[in-house]
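A.B. asks: Have a look at this prediction, sequence included:
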Amino acid sequence: MKVLHIITGLGIGGAEQQLRLLLRQLPTNSEVITLTNPGAVAEGIVADGVPVTDLDMAGNRDLGALPRLARLIKRGRYDLVHTHLYRACLYGRFAARLAGVRTIVATEHSLGAVQIEGRPLSSGARALYLAGERLGTATVAVSATVARRLERWGVRPDRIHVVPNGIEVGRFAYDETARRVARTRLGVPQDAFVVGGVGRLNGGKRFDRLVRAVAELPGARLLLIGEGPERDRLLRLARDRGAADRILLHGACQDPPPPRAAHPSQHGPDLPSLLAAMDVFVSTSPDEAFGLAVVEGLAAGLPVLHVTCPALQDLPADAAPGARRVSGSVPGLVDELRRFEQAGPHRLPVPPAARHYDIAHSARQLMTVYENAVRDPAPLREVSCS
């Protein structure tokens with residue numbers, strides 16, 4: 001099966017890295033088009049042997065990109081087009097139909113309760129989404145929670161298929177040596193109590209609450225993995241709270257990491273090593289589509305505090321005994337973290353929840369969606385650029 005994946009961008013992000021993981025598992029002849037920003041994840045996908053084309057789209061309203069994209073799709077003679085993220089789903093579905101492709105799958109990675117891809121939901125965004133969705137064959141939701149949100153939006157239930165995000169579970173197994181090496185490279189004392197978080201540094205993640213909470217614990221340090229527009233504000237907040245020397249913003253971390261270059265020492269710790277360096281994992285975000293970072297933390301054997309995590313809410317309560325849902329208030333976080341600090345470092349067994357979300361299982365589920373979609377493609381409809 002020849003499959004084209006269309007994604008909005010390929011900088012380091014959850015949906016982007018999820019695409020790379022799936023491509024490493026799917027038994028298809030795959031190619032990728034990124035509408036813009038062929039960043040670090042694009043380099044990793046190419047290194048894995050999958051070609052990536054940059055459409056070089058100028059912005060959300062670059063309508064000239066639509067016929068360019070349609071020509072590329074037509075030239076490729078694909079059996080199926082799979083789109084990822086809002087802009088790519090919108091342009092990709094229309095372009096695929098213009099190119100004569102009838103089998104179109106779209107994954108909804110980032111539909112929250114009140115936002116999509118970190119931006120507030122609007123009636124206009126919803127109307128455009130639904131107009132494009134009707135041109136496709138199937139819509140993949142990354143969690144049952146997202147599937148319910150899509151139904152409330154007006155997507156037909158029979159068109160929605162839940163294929164959860166996944167991780168390479170074995171890569172996250174705790175390693176004591178990796179912990180020591182990562183802490184040394186980060187400049188973190190081996191006996192320090194380290195609170196950790198992973199995600200884009202934007203207002204919606206509410207990492208400012210985590211900074212405030214850690215600042216109240218003189219012996220604690222905070223390690224945040226991610227980049228984003230809130231970085232400078234978080235650093236100022238840490239300085240204002242007298243905790244600048246205990247707040248470490250590591251930056252984004254590509255996972256899986258790129259192939260080792262000629263000088264491996266130039267590479268920083270990978271994500272499993274950074275998780276090994278932590279003592280407790282905290283997700284302060286109140287609105288998530290899945291909660292992949294929480295699953296990664298559990299796979300690393302970390303106790304986890306989270307405000308919301310659809311990945312766990314969709315499973316039985318005993319699937320992740322080391323995870324606890326919290327309000328996310330600063331005083332509440334201080335109390336929770338103080339208890340972990342007093343208890344001392346300990347690792348937990350990998351829970352069933354982490355093993356449930358193995359990427360190989362997700363890839364098999366997605367292949368079933370592909371095979372059914374090819375057998376029963378979208379009906380022919382006239383589509384034009386006008």
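C.D. replies: Nice, thanks for sending it over. From a predicted model like this one, the values you see are computed outputs, not experimental measurements.
A.B. asks: can you map out the helices along the stretch 151-300 of the chain?
C.D. replies: Under the criterion DSSP state H, counting those that start in this stretch, the stretch 151-300 of the chain contains helices at 176-186, 207-215, 231-240, 271-276, 292-299.
A.B. asks: looking at the ones you listed, which is buried most?
C.D. replies: Highest mean neighbour count of these: helix 292-299, a mean of 27 (counted as mean count of other C-beta atoms under 10 Å). The C-beta positions use only the backbone N, C-alpha and C, and glycine is treated the same way.
A.B. asks: From the contact counts, what lies against that one?
C.D. replies: helix 14-23, strand 193-198, helix 271-276, strand 280-283, strand 304-306, helix 310-313, helix 352-356 (3 or more C-beta pairs under 8 Å, 6 or more residues apart in numbering; DSSP states H and E).
A.B. asks: In CSV: those, plus mean pLDDT and distance to residue 320.
C.D. replies: Converted to CSV, the helices and strands packed on helix 292-299 look like this (pLDDT from 0 to 100; distance: least, C-beta to C-beta, whole Å):
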stretch, mean pLDDT, distance to residue 320
helix 14-23, 95, 19
strand 193-198, 98, 17
helix 271-276, 97, 15
strand 280-283, 98, 12
strand 304-306, 98, 7
helix 310-313, 96, 5
helix 352-356, 96, 4
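A.B. asks: Quick check: which of these is nearest to residue 127?
C.D. replies: helix 14-23 (22.4 Å; C-beta to C-beta).
A.B. asks: Could you point out the longest helix of this structure?
C.D. replies: helix 359-375 (DSSP state H).
A.B. asks: Okay, now stretch 170-188: how far is its last residue from its first?
C.D. replies: 26 Å (C-alpha to C-alpha, to the nearest Å).
A.B. asks: which residues touch that stretch?
C.D. replies: Applying C-beta atoms under 8 Å, 6 or more residues apart in numbering, the contact partners of stretch 170-188 are 189-190, 192, 194, 221, 223, 248, 250, 256, 268-269, 271-277, 296, 299-301, 347, 350, 354.
A.B. asks: do that again at 6 Å, thanks
C.D. replies: Contacts of stretch 170-188 from elsewhere in the structure, counted by C-beta atoms under 6 Å, 6 or more residues apart in numbering, are 190, 269, 272, 273, 274, 276, 277, 296, 299, 300, 301, 347.
A.B. asks: closest to residue 213 among the residues you listed?
C.D. replies: residue 277 (18.8 Å).
A.B. asks: And that closest one, how far from residue 190?
C.D. replies: 10 Å (C-beta to C-beta, to the nearest Å).
A.B. asks: Kindly report the same for residue 4.
C.D. replies: Counting by C-beta to C-beta, the gap from residue 4 to residue 190 is 48 Å.
A.B. asks: domain parsing for the protein?
C.D. replies: Segmentation of the chain into domains, based on automatic domain parsing, reads 2-166+360-375, 169-356.
A.B. asks: If I look at residue 111, what pLDDT would I see?
C.D. replies: Note on residue 111: pLDDT of 80.
A.B. asks: how about it, phi and psi?
C.D. replies: phi -90, psi 110 (degrees, to the nearest 10).
A.B. asks: so how far is stretch 228-245 off the chain centroid?
C.D. replies: Mean-position distance between stretch 228-245 and its chain equals 24 Å (C-alpha atoms, centre = their mean, to the nearest Å).
A.B. asks: so how far is the first residue of that stretch from its last?
C.D. replies: So stretch 228-245: terminal residues 20 Å apart, C-alpha to C-alpha.
A.B. asks: do the same with stretch 195-208
C.D. replies: 13 Å.
A.B. asks: Counting neighbours, which bits of that stretch end up buried?
C.D. replies: 195-202, 204-208 (16 or more other C-beta atoms under 10 Å).
A.B. asks: Can you report how many residues lie near the residue nearest to residue 322 when sequence neighbours are not counted?
C.D. replies: Nearest residue to residue 322, sequence neighbours excluded (C-beta to C-beta, 6 or more residues apart in numbering): residue 348, at 4.3 Å. Residue neighbour count, defined by other C-beta atoms under 10 Å, stands at 16 for residue 348.
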